[in-house]
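Asker: Predicted model and sequence follow; I will ask about them next.
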Amino acid sequence: MALLLGLLFSATPQQAALRAVGSPPRTAIVKRVNVAGPYAAVLTSGGIMEGAPVKAPVLVKRFPAGWQAVEVLNFRCRLVTQVASGAVRRTLMIGMPSMQSDPACPGEPHDSGPTADVVEVRRLMGGPLVPFVTVSGDWTLGEWYGAGGGEDLFHRVGRNWRVVAGGGGAMGVHEMKKYGVPRSVWCVFGIYDAPCKKKR
C-alpha cells in the first residue's frame, strides 16, 4: 500500500523534489529551480525513480502544509493539466529540458474538493509523486506513482480521514462495491469501468 511509504510535505521545493527522486539516499543533487506562484520546477541530477535516472524536472506544488511533488515533467500535458497559467508554465520551464508531446492526457484529473480535505489526504498519501486527490463527500481517491503506481481510497470517519484500500493499479467497480463507495461517487472519481461518461 502506498500509504506505508509515508510521504509528507517538505519545507522547500528542493527538498520535495529530492524526496521524490532521492533513491538511493544522498545521491541526487539540485541543478536548477524555477519558482512561479505556488509551483516550482526542480531539475536534479543523480536521482533515480523506478530504477531509471530522472532526467526531467520534477513539478512540486506549495500547499498550506508545505511543498509536495506532483509530477515528473517529461510530458507537456502533465504541466498543462497541473498549471493553468501559460505565463507560469513558461517561467517554470526556463532553462529546463524539453518535454515530449502526449495528446492522450489533456483530460487527466487534478485536485478537486475542499482544499483542507485535499491537503489532509495528501499528507497521508504515499508514493514519490501524487498527481491528484479527488474529494467527494466523505470519500477520497488519490493517485500516486514513482515506485510503481496506483491509487489509495480514503473514507472520512468523524473528522478524520482513514485509509480503506490502496495498492498498485487503478481501482474499478469491483473495489468500489467491495468497500461500499456510493455509486454517485464513481463518476466523480473517474472509475475506469463505471457506467458513466469517462472524464479520465
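Answerer: That came through fine. The structure displayed is predicted, hence computed values, not measured ones. Numbers count the residues shown, from 1 in each chain.
Asker: which helices and strands sit right next to the lowest-mean-pLDDT helix or strand in the chain?
Answerer: Sorted by mean pLDDT, DSSP states H and E, the helices and strands of the chain end with strand 48-49, the least confident at a mean of 88. Where contact means 3 or more Cβ pairs under 8 Å, 6 or more residues apart in numbering; DSSP states H and E, strand 48-49 is packed against helix 13-21. No exception for glycine: its C-beta is placed from N, CA and C like everyone else's.
Asker: Give the buried residues for the helix it packs on.
Answerer: Neighbour counts over helix 13-21 (16 or more other Cβ atoms under 10 Å) mark P13, Q14, Q15, A16, A17, L18, R19, A20, V21 as buried.
Asker: For the last one, which non-adjacent residue is closest in space?
Answerer: It stands for V21. G47 (2.9 Å; Cβ to Cβ, 6 or more residues apart in numbering).
Asker: isn't the one you found right next to A28, touching?
Answerer: Yes: G47 sits in contact with A28 when judged by Cβ atoms under 8 Å, with a separation of 3.8 Å.
Asker: What score does D152 have for pLDDT?
Answerer: Note on D152: pLDDT of 95.
Asker: Specify the local secondary structure of the residue nearest to it when sequence neighbours are not counted.
Answerer: Using Cβ to Cβ, 6+ apart and skipping residues adjacent in sequence, the residue nearest D152 is G166, 3.7 Å away. Classification of G166 by DSSP: H, G, I helix; E, B strand; the rest coil places it in strand.
Asker: you'd agree G166 is up against G149?
Answerer: No: using Cβ under 8 Å, G166 makes no contact with G149, being 11.5 Å away.
Asker: coming back round to it: if I look at the residue nearest to V21, how far off is T27?
Answerer: Distance of G47 to T27, given as Cβ to Cβ, to the nearest Å: 7 Å.
Asker: Secondary structure element for C196, which one?
Answerer: For C196, there is no enclosing helix or strand under DSSP states H and E.
Asker: mind checking the SS state of the closest residue in space to it that isn't next to it in sequence?
Answerer: Leaving aside its sequence neighbours, C196 sits nearest to C187 (Cβ to Cβ, 6+ apart; 3.7 Å). Three-state assignment for C187 (three-state DSSP): helix.
Asker: Nearest to P109 among the buried residues of helix 13-21?
Answerer: Nearest to P109 among the buried residues of helix 13-21: A20, at 19.5 Å, using Cβ to Cβ.
Asker: which ones are touching that closest one?
Answerer: Contact analysis of A20 by Cβ atoms under 8 Å, 6 or more residues apart in numbering lists G47, M49, V58, V60, A69, V72, P128, L129, G146.
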